[in-house]
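> Requesting a structural model of the entry that follows:
(one chain, ligands or ions: 1)
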Amino acid sequence: MSSADTHCPYCALQCAMTVSHAGSTTVTGRDFPTNRGGLCAKGWTSAELLASPQRLRMPLTRQPDGTLAETTWDEALDAVAAAFRDTKAAHGADANAIFGGGGLTNEKAYQLGKFARVALGTSRIDYNGRFCMSSAAAASNRAFGMDRGLPFPVADLDEAQTILLLGSNVAATMPPFLAHLAGARAAGGLIVVDPRRSATARLAEDGAGTHLQPAPGTDLPLLLGLTHIALAEGLADRAYIEERTTGFDALRRSVSAWWPERTSSTTGIPVAQLRETARRLAAGGAYVLTGRGVEQHVDGTATATAAINLALVLGLVGREGSGYGTLTGQGNGQGGREHGQKADQLPGYRSIRDPEARRHVAGVWGVDPDEIPDAGVPATALLGELGGPVKTLLVAGSNVVVSAPDVDAVRSRLKALDTLIVCDFFLSETAELADIVLPVLQWAEEEGTMTSLEGRVIRRRRALPGPEGARSELWIMAEIARRLGAASTWSIDPAEVFDELARASEGGIADYSGLSHALLDTGVEAYWPYRSSGTPRPFAEHFAHADGRARLVPVEATPPTPTDRGADLTLTTGRYLQQYQSGTQTRRVTELHKARPEARLEIHPATASRLGIRDGVLVAVSNERGTVRARASVTTDIRHDTVFLPFHYAGDECANRLTEAIVDPTSAMPEFKRTRVQVKAIPDATTPAPHHIAASPVVVAEHQGVAPPLVGVAGGAAPGVLITSATSPSAPLPSSLSPSTPSSSTEEETHV
Ligand code: SF4
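Residues are numbered from 1 along each chain as shown. Model prediction:
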């Protein structure tokens, strides 16, 4: 039997687990500050996919008849190298492009950035984290000089009296996190901002706090109004503002017009609730947390900035017992945005336009600084270049045919490429379009590191070998680089690649130079920046700007400008408890798929009645870009002017057929959360024609991701969380918590 202490393959909470393999593979929750032994449904079923019959086990190449057929690694890699070489010769280096992912280990993300700049010489690299964290990152960099999602340990939240949680449905995305909200709930101070009565919003009811339900797209006016109240009522911490910030006078002027009545009429939130929220935040022990619901907008950077401004004005940031943070989504959403797979970035969160950064990194890579290309373009613009200036694309760890905005246009552009290469462990919807598919290893089959939402670098460890025929992306990049005769060295050992990453990051904002796999294996608490030590609270004494002060940055709210004619409802998207991102993995897990087998459109009863839609009928959701088929779920949890779809499905059910490729001007974050649509019942439709992946029940029997014995439920108030112990006796599960019928099958996610 082999086993390894590692972490969950999915979200950035990076719950600790032990993976054991002896014929079948099991996962057991392990004590760790973020999850305290708990796992959600995604985590406890994660082992199932390791032996899925749908795993890719050999490279595939497109045949003359249009099918994909297995081939050898040599033939596949020779074809990849030839495509990159021929494209560069015919169209220039920037005609080759790379699209990475926020789930890749730090080592792979680092190597991917180096591979693009050194082996291909292209500036065209970006990744799906642009769709996830870019607005919050831009706001934090501007305000604090550093983008570390939570500049404090998650466990600090336990003592909070008040938590203002904007645009994040943690009850669905990361249920073990709920244990950290227990203190604020007990104090009546959980304030959830969401246009939908989400699972998390319900936790703020019955004396536990407040659900603020603003009109979609009015988060920014809400935050400006709260800051106005804080200043008008003398709640601001003037000594803190004077000592630790700059820009106060301009900020004060910028919020002066957002008096409570105007804020209320814009957002729909009563004045009394606005005042009560501001007063609670000023009363001590308060945190402001943001998620994708307020960030995935064309004004996402401004909204995240307004949240930071509110926290700074109240003196919350950098003090023990209070704070501001943003909840990272993807498993390595934090580390994946630090080491070079962003278009404008070199390792260590350095700017690719900084001559000193270029010199330092070029020295580590053994190349001339002038050989490093300039900044490329962000993800949405890069996807827009496919089939035009970009002729050959390699995708690693991303399923853009489901996750990008306006996916029908993305699909057309992918088809217009000369060569599409996809690295994945399943034939994702993007891989289905590829000319060459390269099978890779999964999380429990590889060594590496991830960086959690707290900025803590943690070890991913191998528990079992991968399928014969699958390879690590590090090996794939090394083999292609060798075929291209690329400069530098291309290790396939994750520990060696990490050491190189550490050297390349030295002196950067995200400095990992004091870390190594060996040190991490000692269990050291490795929060970056880490040279000889790290700190969980980097802003305790100063911010990362040269003068040590945070920037108060005035931002303005501008009215939304709907662009879709004939559309009368606002669509917002998210995911449910059983779903992780584009679904390449979780749509293939039997239990998760059974709980959510098809797309459901949440619609208010009054709206449904007006449109002649009954609960359970099939509806067409459409706008200028396309039409999505879903089954109506009539619920008072949604506003009458808003509908909700999960973005987890593909084909006819893919919500991103409707979203528009317009972006935030600062972060290039697409507008995912506010799309104009119309909804109609589909006459006489009795069965959907969805794009479903068959899950694999046969595999479950022989190679199962089982739920370990239940010994407790976090705080008695954390739906969907199992607290487990490998040594506890088996105990029957309450039916509401049985892993085969997850307790939170009705818990939904609005904002990812
Ligand atoms: Fe995995 Fe769930 Fe924990 Fe996220 S909350 S890391 S998906 S077990």
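> do you know how far the residue of the chain found nearest the ligand is from A307?
At 2.4 Å from the ligand, G43 is the closest residue in the chain, using Cβ to the nearest ligand atom. From N, CA and C alone the C-beta is placed, and that goes for glycine too. As judged by Cβ to Cβ, to the nearest Å, G43 and A307 stand 29 Å apart.
> what's the model's confidence in the helix or strand containing R142, averaged?
Using DSSP states H and E, R142 sits within helix 134-144. The pLDDT scores in helix 134-144 average 94.
> Name the residues of stretch 186-201 that are buried.
187-201 (16 or more other Cβ atoms under 10 Å).
> Tell me which of these fall in helices.
Counted as lying in helices by DSSP state H, out of the buried residues of stretch 186-201, are A199, T200, A201.
> The stretch 301-450 of the chain: strands as residue ranges?
323-326, 345-346, 350-351, 392-396, 419-424, 436-439, 448-451 (DSSP state E, counting those that start in this stretch).
> Residues touching the longest one, excluding its own?
Under the criterion Cβ atoms under 8 Å, 6 or more residues apart in numbering, residues 56, 80, 83, 87, 391-397, 399, 414, 428, 430-431, 433-440, 473, 476, 584 lie in contact with strand 419-424.
> same thing but at 6 Å, please
80, 83, 392-396, 414, 430-431, 433-438, 440, 473 (Cβ atoms under 6 Å, 6 or more residues apart in numbering).
> Tell me the pLDDT of the nearest residue to the residue of the chain closest to the ligand once chain neighbours are set aside.
Among residues not flanking G43 along the chain, C8 sits closest, at 4.4 Å (Cβ to Cβ, 6 or more residues apart in numbering). C8 is assigned a pLDDT of 95 by the prediction.
> For G43 and A307, indicate the residue with more neighbours.
Between G43 and A307, A307 has the larger neighbour count (other Cβ atoms under 10 Å), namely 31 against 28.
> residues in contact with the more buried one?
Per Cβ under 6 Å, 6+ apart, neighbours of A307: L223, V288, T290.
> From what I see, the first one and A306 are in contact.
Yes - taking contact to mean Cβ atoms under 6 Å, the distance of 3.7 Å between L223 and A306 places them in contact.
> Distance-wise, check H91 relative to F84.
Shown here: H91 relative to F84, a distance of 11 Å by Cβ to Cβ.
> So these two - more neighbours on which side?
Neighbour totals were compared for H91 and F84, and F84 leads with 25 against 15 (other Cβ under 10 Å).
> Where does the more buried one fall, secondary structure wise?
helix 73-91.
> Pull the residues that contact that helix.
Against helix 73-91 from outside (Cβ under 6 Å, 6+ apart): 59, 95-96, 120, 391-392, 419, 421, 436, 479-480, 483-484.
> ok, which pair from those residues is furthest apart?
Greatest spatial distance among the contacts of helix 73-91 (Cβ to Cβ): P59 and A95, at 23.1 Å.
> which of the two has more neighbours?
Shown here are P59 and A95; by other Cβ under 10 Å, P59 has more neighbours (27 against 23).
> Not counting sequence-adjacent ones, nearest residue to that one?
A76 (3.5 Å).
> circling back to that earlier point, out of the ones in helices among the buried residues of stretch 186-201, flag the one nearest to T218.
Proximity of these to T218, judged by Cβ to Cβ, is greatest for A201, which lies at 16.1 Å.
> wait, what's in contact with that closest one?
V192, D194, H211.
> Let me know the secondary structure of the last one.
It refers to H211. Following DSSP: H, G, I helix; E, B strand; the rest coil, we place H211 in the strand state.
> what pLDDT does it get?
As predicted, H211 sits at a pLDDT of 97.
> burial count for it?
With other Cβ under 10 Å as criterion, H211 counts 20.
> Please apply the same query to D74.
Using other Cβ under 10 Å, D74 has 11 neighbouring residues.
> how close does it get to A306?
55 Å.
> L50 now?
43 Å.
> between the two, who's got more neighbours?
A306 (33 against 26).
> I'd like to know which helix or strand in the chain has the lowest mean pLDDT.
helix 697-702 (a mean of 27; mean pLDDT, DSSP states H and E).
> Scan the protein for its longest strand.
Longest strand in the chain, counting residues (DSSP state E): strand 626-634.
> In a markdown table, list the strands of the stretch 301-450 of the chain along with mean pLDDT and distance to the ligand.
Converted to a markdown table, these look like this (pLDDT from 0 to 100; distance: least, Cβ to the nearest ligand atom, whole Å):
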| stretch | mean pLDDT | distance to the ligand |
| --- | --- | --- |
| strand 323-326 | 95 | 16 |
| strand 345-346 | 96 | 25 |
| strand 350-351 | 96 | 29 |
| strand 392-396 | 98 | 21 |
| strand 419-424 | 98 | 19 |
| strand 436-439 | 98 | 23 |
| strand 448-451 | 96 | 10 |
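> Out of those strands, which gets nearest to A606?
strand 323-326 (34.2 Å).
> helices and strands around that closest one, which ones?
strand 286-290 (3 or more Cβ pairs under 6 Å, 6 or more residues apart in numbering; DSSP states H and E).
> How about residues contacting the strand it packs on?
Contact with strand 286-290 is made by 160, 162-166, 304, 307, 311, 316, 322-327, as judged by Cβ under 6 Å, 6+ apart.
> Recalculate using a threshold of 8 Å.
For strand 286-290, contacts defined as Cβ under 8 Å, 6+ apart pick out 136, 156-157, 160-168, 184, 189, 280-281, 303-304, 307-308, 310-311, 314, 316, 322-327.
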